[in-house]
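Chemist: Quick check, what structure comes out for this input:
(one chain, ligands or ions: 1)
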Amino acid sequence: MPRVTFLPDGRTAEVPRGSSILEAAEAAGVDLPHNCGGVCACTTCHVLVEQGFASLSEIEDHEDDKLNEAEGLTARSRLGCQACVEGTDVVVRIPGNRIAS
Ligand code: FES
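Modeler: Numbers count the residues shown, from 1 in each chain. The predicted structure is shown next:
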């Protein structure tokens, strides 16, 4: 199973292929905010992909539209509830200092 690592604290989880970054965060005990409940209606689950961008599912139009509203948008940005791990290991950074636990 692919491993997802969350920076800056380095917590990790192995998750089945097809799991979202948000699901991986929950498995790793990382409190990735998800104010809309994971339905692509906010930007609180925004993450920056540091490794493994090509391992993630393709960005669909609704994610792309919502992502454009994310603070600190970069070319490595994804929404954690929409990006699914389909290949090898992934390393993501939670922007700012939003980890609560
Ligand atoms: S949790 Fe709202 S868009 Fe991901």
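
Chemist: Okay, strands next: where are they in this structure?
Modeler: Using DSSP state E, the strands of the chain run over 3-7, 11-14, 46-51, 77-79, 90-93.

Chemist: which helices and strands sit right next to the shortest one?
Modeler: What that stands for is strand 77-79. Strand 77-79 sits against strand 46-51, helix 61-67, with contacts defined as 3 or more C-beta pairs under 8 Å, 6 or more residues apart in numbering; DSSP states H and E. C-beta here means a position set from N, CA and C on the backbone, and glycine is covered the same way.

Chemist: Tell me the residues of the protein that contact the ligand?
Modeler: Taking C-beta under 6 Å from any ligand atom as the contact definition, the chain meets the ligand at 34-36, 38, 40-42, 44-45, 66, 79-81.

Chemist: change it to 5 Å
Modeler: Counting by C-beta under 5 Å from any ligand atom, the chain comes close to the ligand at His34, Cys36, Gly38, Cys40, Cys42, Cys45, Leu79, Cys81.

Chemist: quick one, phi psi at the second one?
Modeler: Dihedral pair for Cys36: phi -90, psi 0, per degrees, to the nearest 10.

Chemist: Quick check: it vs Gln82, distance?
Modeler: Distance from Cys36 to Gln82, counting by C-beta to C-beta, to the nearest Å: 11 Å.

Chemist: Name the residue in those two with the higher neighbour count.
Modeler: Gln82 (22 against 15; other C-beta atoms under 10 Å).

Chemist: So what's the residue count around the residue nearest to Thr88 when sequence neighbours are not counted?
Modeler: In space, Thr88 comes closest to Ser55 once its chain neighbours are excluded; the distance is 4.9 Å by C-beta to C-beta, 6 or more residues apart in numbering. Using other C-beta under 10 Å, Ser55 is surrounded by 18 other residues.
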